[in-house]
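Engineer: how would this look folded up:
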Amino acid sequence: MSLHKKKLTLFAFFILMVITVTLKTYFSYYVDFSLGVKGLVQNLILLMNPYSLIALVLSIFLFFKGKKAFWFIFIGGFLLSFLLYANVVYFRFFSDFLTFSTLNQVGNVESMGGAVTASFKWYDFIYFTDTIVYLFMLIFKQKWFDKRVFSKKFVPVIMAASVALFFLNLAFAESDRPELLTRTFDHKYLVKYLGPYNFTVYDGVKTIENNQQKALANEDDLTKVLNYTKQKQTEPNPEYYGAAKKKNIIKIHLESFQTFLINKKVNGQEVTPFLNKLSTGKEGYRYYPNFFHQTGQGKTSDSEFTMDNSLFGLPQGSAFSLKGDNTFQSLPAILDQKQGYTSSVMHGDYKTFWNRDQVYKHFGVDKFYDATYYDMSQDNLENLGLKDKELFKESTDYLAKEKQPFYSHLITLTNHYPFTVSPEDASIEKPNTGDSTVDGYVQTARYLDESLEQFVSELKKKGLYDDSVIMIYGDHYGISENHNKAMEKLLGEDITPAKFTDLNRTGFWLKIPGKEGTVDKTYAGQADVMPTILHLMGIDTKNYLMMGTDLLSKDHNDTVPFRNGDFVTKDYKYVNGRIYDNKNNEPVTEKPKDFEKRKQQSEKDLEMSDNVLNGDLFRFYDNPDFKKIKPSNYEYKTGPKGQEKK
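Structural biologist: Coordinates of the predicted model:
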């Protein structure tokens, strides 16, 4: 019977809203989210998990009367749909889910507008089709609705059933993934087992707990971390200890670079011919092909943080979202205090992005050359900011004027999602994968490679090259799991979870004056860079709190933890709860003898690092080798070439 002959009751409208929001959630699971669902149990959990919180939230409005009740259920359904869609768009860009911590970074959206816009898809109307239909009905078809009050005695029954369904869902989840809520660092696990709505509640609780952790932290918490990190310390390699003492350090940050591009050809052309040369070991560089990024939601800012602090980013949001409220003992400050280094960061974006203008003060960075120091005319801009070639060209002049020895960090931008480059700057043809992101990535990576070659040439002309330590590294992956099909076309092989982990190699190139280059297949991550540099400078690290170990040490720990709790070693990798052999990426039939030890170490590394950040534990540390930084001593002035973006 049609709706205008048989009126829609409040309970029927409630059921309709629960079903349509749930259907949209299922759609997102299988179309937009890469959750790694396997087996009957996980698929059953996926079918179960959206209902509990959707029904619980919407059932509250069954207490209301008449037209108001219908409108409240509609608004509740719309807000849940909006939360789902916000997660969809965020996931397409970051391969992660929204957290309360990421909301602290909404100021970054303006600068990343083009990248966000590229995350929209043609079929996104599906997420709001029901909203439009219900809104039309509520405004124009009031006679279709039965305004009689729903019996309130049944509302607690619905709520109780929703709560019971949640605990049933949790029981199934715990059976498949033990200690889900206590030992999980991966948001994808939580969404897979609990759904996006329950994940938001969980994240809210964790955010409150983390905020309380700082207030409750004490010196005993610091002692536990110090005891742990002292056990991890390794002896420096005598051949390299002090080999680069007081040498200039130039650190080059390759935006979104992944090493599958090394020696890769597209349409018969090398994508990165200059980096290919540096990767041979014959150009004076130690190349680490098994070097992985260890970033989380903070992506670029996480890589900066980890490289300069040998700690990991936060499980939610970015460590830079702390807005410089924490105390740190960072690499730039240590180099200054021990060997008189000046430090600088050079970046073609504005200083407030990622709160850099606040955080750098707590790292002891002396100068911040942001966009106002560069010619930001329209011809020099691409995507998020200054083109890499323009950044490097102008930065060499600034470097030549720096007081030596200096530690300078240059952050590139052009090779950033959505990977756009002007026709005049494109020097390689796109592949034809059918995916604009992957195809564009090849062109922007070539542009980055050319920019780097140009920069090295300029350093040589300025007399800054030969006697400087030069570090080059990729900050995080550029191509997310959402583009696996196109990547399969580009690489000519299946992108399994194990293979995708391999693609998280971002590379590390290290030129040490007076030392020969080589290809070093040591497994390592970004947390290992700080102890390596300190030992190269001849600085004793026994009193510094660091999660990584010296890459050049014979005792280097080659377990590489990832922010989501997975890890990789030279023999195998642990991904999404499964162990894979590195030789063939096939699941192992017998658990390696050292697996539990390495798994516990990876979890402990992340836990200890989180404790340091959430508890601001460095404030309790009277390090005999370090004088606490006073952020008020640092000020980053506007440069001569422009004013702040308005």
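Engineer: what are the ranges of the strands in the stretch 351-500 of the chain?
Structural biologist: Assigned strands in the stretch 351-500 of the chain, in chain order: 367-369, 381-382, 385-386, 406-411, 468-474 (criterion: DSSP state E, counting those that start in this stretch).
Engineer: mind listing the strands the longest one pairs with, and their directions?
Structural biologist: Translated: strand 468-474. As defined by DSSP bridges, the strand partners of strand 468-474 come to strand 248-254 (parallel), strand 508-511 (antiparallel).
Engineer: likewise the second one?
Structural biologist: Here the strand partners of strand 381-382, with direction, are listed using DSSP bridges: strand 385-386 (antiparallel).
Engineer: report the buried residues of stretch 327-341.
Structural biologist: Burial within stretch 327-341, assessed by neighbour count using 16 or more other CB atoms under 10 Å, is assigned to 327-338, 341. In this view, the C-beta of every residue, glycine as well, is placed from N, C-alpha and C.
Engineer: have a look at this protein and report its longest helix.
Structural biologist: When the chain is parsed with DSSP state H, its longest helix is helix 66-94.
Engineer: pLDDT of that one, averaged?
Structural biologist: Mean pLDDT, helix 66-94: 90.
Engineer: by contact count, what packs against it?
Structural biologist: Judged by 3 or more CB pairs under 8 Å, 6 or more residues apart in numbering; DSSP states H and E, the packing partners of helix 66-94 are helix 10-31, helix 51-59, helix 113-117, helix 129-140, helix 196-216.
Engineer: repeat the analysis, applying 7 Å as the threshold.
Structural biologist: helix 10-31, helix 51-59, helix 129-140, helix 196-216 (3 or more CB pairs under 7 Å, 6 or more residues apart in numbering; DSSP states H and E).
Engineer: among those, which is the most enclosed?
Structural biologist: The highest mean neighbour count among the helices and strands packed on helix 66-94, using mean count of other CB atoms under 10 Å, belongs to helix 51-59: a mean of 22.
Engineer: outline the domain layout of the chain.
Structural biologist: 10-213, 238-551 (automatic domain parsing).
Engineer: and the first one, how far out from the chain middle?
Structural biologist: Which is domain 10-213. 23 Å (CA atoms, centre = their mean, to the nearest Å).
Engineer: which regions of the stretch 351-500 of the chain lie under the pLDDT threshold?
Structural biologist: For the stretch 351-500 of the chain, no stretch has pLDDT under 70.
Engineer: can you map out the helices along it?
Structural biologist: With DSSP state H, counting those that start in this stretch as the criterion, the stretch 351-500 of the chain has helices at 356-363, 388-401, 436-461, 484-491, 497-502.
Engineer: can you list those in CSV and add distance to K430 and mean neighbour count?
Structural biologist: Below are those laid out as CSV (distance: least, CB to CB, whole Å; neighbours: other CB atoms under 10 Å):
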stretch, distance to K430, mean neighbour count
helix 356-363, 33, 22
helix 388-401, 19, 19
helix 436-461, 4, 21
helix 484-491, 11, 18
helix 497-502, 22, 20
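Engineer: and T518, which of those helices is closest to it?
Structural biologist: The minimum distance between T518 and these falls on helix 436-461, with 18.9 Å, by CB to CB.
Engineer: any stretches of the stretch 101-250 of the chain with poor pLDDT?
Structural biologist: 104-116, 118, 182-186.
Engineer: that older thread, residues of the longest helix of the chain that come out buried?
Structural biologist: Of all the residues in helix 66-94, those buried under the rule 16+ other CB under 10 Å are 69-70, 72-74, 76-78, 80-81, 84-85, 87-94.
Engineer: quick revisit: would you convert the helices and strands packed on helix 66-94 into a markdown table that also reports distance to F392?
Structural biologist: Below are those laid out as a markdown table (distance: least, CB to CB, whole Å):
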| stretch | distance to F392 |
| --- | --- |
| helix 10-31 | 40 |
| helix 51-59 | 50 |
| helix 129-140 | 48 |
| helix 196-216 | 39 |
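Engineer: so for E516, which of the ones you listed sits nearest?
Structural biologist: helix 196-216 (46.3 Å).
Engineer: packing partners for the closest one?
Structural biologist: Secondary elements touching helix 196-216 (3+ CB pairs under 7 Å, 6+ apart): helix 51-59, helix 66-94, helix 187-194, helix 595-615.
Engineer: okay, the ones you listed in CSV with distance to K554 next?
Structural biologist: CSV is the format used below for the helices and strands packed on helix 196-216 (distance: least, CB to CB, whole Å):
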stretch, distance to K554
helix 51-59, 52
helix 66-94, 38
helix 187-194, 36
helix 595-615, 19
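Engineer: tell me which of the ones you listed lies nearest to F140.
Structural biologist: Nearest of the helices and strands packed on helix 196-216 (CB to CB): helix 66-94, 13.4 Å.
Engineer: any idea of the angle that closest one forms with helix 10-31?
Structural biologist: 10 degrees (axes from the mean of the first three to the mean of the last three CA atoms, to 10 degrees).
Engineer: show me what contacts H253?
Structural biologist: 409-412, 473, 475 (CB atoms under 7 Å, 6 or more residues apart in numbering).
Engineer: my read: F312 touches E607, true?
Structural biologist: No - F312 is beyond contact range of E607, at 10.0 Å (criterion: CB atoms under 7 Å).
Engineer: which one's more surrounded, those two?
Structural biologist: Between F312 and E607, F312 has the larger neighbour count (other CB atoms under 10 Å), namely 31 against 16.
Engineer: any idea what the more buried one is structurally, helix, strand or coil?
Structural biologist: coil (DSSP: H, G, I helix; E, B strand; the rest coil).
Engineer: pop out the phi and psi values for it.
Structural biologist: phi -100, psi 160 (degrees, to the nearest 10).
Engineer: out of everything not next to it in sequence, what's closest to it?
Structural biologist: Residue nearest to F312 in three dimensions, not counting chain neighbours: S609, with 4.4 Å by CB to CB, 6 or more residues apart in numbering.
Engineer: repeat for E394
Structural biologist: Computed as CB to CB, 6+ apart, the closest residue to E394 that is not its neighbour in sequence is Y374, at 5.3 Å.
Engineer: number of residues surrounding that neighbour?
Structural biologist: 26.
Engineer: surely it touches S395?
Structural biologist: No - if you go by CB under 7 Å, Y374 and S395 don't touch, sitting 8.3 Å apart.
Engineer: give me the number of residues near P624?
Structural biologist: 6.
Engineer: so what's the residue count around the nearest residue to it once chain neighbours are set aside?
Structural biologist: Leaving aside its chain neighbours, P624 sits nearest to N543 (6.0 Å; criterion: CB to CB, 6+ apart). As a burial measure, N543 scores 13 neighbours (other CB under 10 Å).
Engineer: which element is N543 on?
Structural biologist: Assigned by DSSP states H and E, N543 falls within no helix or strand.
Engineer: ok, it - contacts?
Structural biologist: N543 makes contact with 623-625, according to CB under 7 Å, 6+ apart.
Engineer: if we can go back for a sec, point out the most buried one among the strands paired with strand 468-474.
Structural biologist: strand 508-511 (a mean of 24).
Engineer: now do the strands in the stretch 201-350 of the chain.
Structural biologist: With DSSP E, counting those that start in this stretch as the criterion, the stretch 201-350 of the chain has strands spanning 248-254, 265-266, 269-270, 285-288, 291-292, 342-347.
Engineer: my bad, should have said the stretch 501-646 of the chain
Structural biologist: So, for the stretch 501-646 of the chain - with DSSP E, counting those that start in this stretch - the strands run 508-511, 518-519, 524-525, 560-561, 567-568, 572-575, 578-581.
Engineer: looking at these, which is nearest to H416?
Structural biologist: Closest of these to H416 is strand 508-511, at 19.9 Å (criterion: CB to CB).
Engineer: the closest one - what's its average pLDDT?
Structural biologist: 98.
Engineer: nearest residue to S310 other than its sequence neighbours?
Structural biologist: The shortest distance from S310 to any non-neighbouring residue, by CB to CB, 6+ apart, is to M546 (3.5 Å).
Engineer: how about the one you found, what does it touch?
Structural biologist: 229, 310, 530-531 are the contacts of M546 under CB under 7 Å, 6+ apart.
Engineer: I'd like to know how far N504 sits from I428.
Structural biologist: 24 Å (CB to CB, to the nearest Å).
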